[in-house]
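Q: pasted the sequence and its predicted model underneath.
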Amino acid sequence: MEWSDVRVFLAIARTGTLGAAARALHLSHPTVGRRLRALEQATGHTLFQRTADGFIPTEEGNAVIALAEQMEEGALAIERRLAGQEQNLQGTLRISSADWFGAYVLPPIIDDYAKAYPHVDLEILTGTRLFSLAQREADIAFRIVPFDNPDVVQRRLVRLPYGVYVAAGAPEPVYGDGAGFRLITHDTSTGQFPDIAWLTESFPNAKPLLRSNNRNVQGRMCRQGIGIAVLPQVVGSQIVGLRQLDLPAEPPSRDIWMGYHRDIRRLQRLRAFITVVTDHIAKIPFQL
C-alpha cells in the first residue's frame, strides 16, 4: 500500500469527486482515478460508491478513514521535521493572514525580507479561511485570536487600536444616536467582532446598510460616503479620503497573534522572517 494512494483516498473522501481531489493535490484527473483503483486493488475492497452526486465512502471506506488520517499526520510530521532542520535561506515561505493585515501591515515587511533574502519564494495567503499550520498549508500565520493547537508556537505580537471613519466630506454623526446615517458592518458568519458590536451600540439609530467580510472593501465603501465604518487604524490611516471621528469613547482594540508549528521552529528562513516582523512591528505607530 503506497502512501501516495492513501493521500488520494483522503482527498476524494474530503472533496467528493475525482476532479476536486485532483485540484487539491495538483494532480491530473486520470492520475487520481488510477491511484484510487490501485489502492482498491491492494486492499481488495471497493472504498467508494460511485453516484451521480459524487463519490460516497462505502462501509469499508468509512472504516479506514481515521487510520488513513493517522498515516497522513505521520507523513506530515516527517515533512515538518525535515523542513525544520534546513539551514539554507532558500525555498518557499507561506504566510497566512487576514486580508487587511496582508494589504496594510505586511508590504513593508515583505519588501525588507525579500531584499535581504532574495532566494526565498514568498506566498501570501489571505482571507477568512484559517490555513492549517499542521498540514503545511502555511508556515506562519497572523490571527486576531490565539491559536488552539498545542503544537503551535505562538506569541501576542501587537495590540492594534480601531477607529471610526466616515468619508472626508461627510457630516459628523452624533455619538449615541446616528440618526440619518448608515452603518458598514462585518459579516458575522465566521464569528463575532467586538468592534462591530460596539459600532451598532454607539450609533443605535443608524441604519445597518452593508456587510462585508473584507476590511479593505469596508474602507473603500466608507470613502464613497456609503456609511460609517470601524476599521483598524493602520488600515483607515492608509485609505485616502477617510476621516477618523473624534469620539468620547473608542472601539475595542484587537490583539494580533503570530504562530508557527513547533516542528519547523528551527527553519532558518522562518526565523529570519520572524526577526524582520518583530523589527517592523515595533515601529508601527498605531499600536497599544
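A: That came through fine.

Q: quick one, helices of the protein?
A: Ranges of helices in the chain, per DSSP state H, are 3-15, 18-25, 29-43, 59-84, 99-104, 106-116, 194-202, 215-223, 233-236, 268-281.

Q: return the helix or strand in this structure with minimum mean pLDDT.
A: Among the helices and strands of the chain, helix 59-84 carries the lowest confidence by mean pLDDT, DSSP states H and E, at a mean of 80.

Q: who does it touch, helix- and strand-wise?
A: Contact analysis of helix 59-84 by 3 or more CB pairs under 8 Å, 6 or more residues apart in numbering; DSSP states H and E lists helix 3-15 as its packing neighbours. Using the backbone N, CA and C atoms, a C-beta is placed for each residue, glycine as well.

Q: with just CA atoms, put the helix it packs on into CSV.
A: As requested, C-alpha coordinates have been extracted for helix 3-15 and formatted as CSV (Å, rounded to 0.1, in the frame of the first residue of the first chain):
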residue,chain,number,x,y,z
TRP,A,3,1.1,6.5,1.0
SER,A,4,0.6,8.5,-2.2
ASP,A,5,-2.5,6.3,-2.9
VAL,A,6,-3.8,6.7,0.6
ARG,A,7,-3.4,10.5,0.2
VAL,A,8,-5.6,10.3,-2.9
PHE,A,9,-8.1,8.3,-0.9
LEU,A,10,-8.4,11.0,1.7
ALA,A,11,-8.6,13.8,-0.9
ILE,A,12,-11.6,12.1,-2.6
ALA,A,13,-13.2,11.4,0.8
ARG,A,14,-12.9,15.1,1.7
THR,A,15,-14.0,16.6,-1.7
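
Q: what residues of stretch 157-174 count as buried?
A: With burial defined by 16 or more other CB atoms under 10 Å, the residues of stretch 157-174 counted as buried are 157, 158, 160, 162, 163, 164, 165, 166, 167, 170, 173.

Q: hmm, the fifth one is touching residue 228, no?
A: Read it as residue 163. No - Residue 163 is not in contact with residue 228 according to CB atoms under 8 Å; the separation is 11.0 Å.

Q: so what sits against both of these two?
A: residue 245 (CB atoms under 8 Å, 6 or more residues apart in numbering).

Q: low-confidence ranges, this structure, go.
A: Applying pLDDT under 70 to the chain flags the ranges 1, 80-88, 190-191, 284-288.

Q: any idea which residue of it is furthest from its center?
A: When distances to the mean C-alpha position of the chain are computed (CA atoms, centre = their mean), the maximum falls on residue 44, with 40.2 Å.

Q: please report how far residue 207 lies from residue 44.
A: 64 Å (CB to CB, to the nearest Å).

Q: do the same with residue 12
A: In this structure, residue 12 and residue 44 are 18 Å apart, going by CB to CB.

Q: same check, this time on residue 117
A: Separation of residue 117 from residue 44 (CB to CB): 50 Å.

Q: now swap in residue 63 and tell me
A: Applying CB to CB to residue 63 and residue 44 gives a distance of 13 Å.

Q: then residue 15?
A: Distance of residue 15 to residue 44, computed by CB to CB: 24 Å.

Q: ditto for residue 75
A: If you measure residue 75 against residue 44 using CB to CB, the figure is 23 Å.

Q: got the angle between the least confident helix or strand of the chain and helix 29-43?
A: Orientation check (axes from the mean of the first three to the mean of the last three CA atoms, to 10 degrees): helix 59-84 against helix 29-43 gives 110 degrees.

Q: now helix 59-84: how far from the chain's centre is it?
A: Using CA atoms, centre = their mean, to the nearest Å, we find the averaged C-alpha position of helix 59-84 to lie 23 Å away from the chain's own average C-alpha position.
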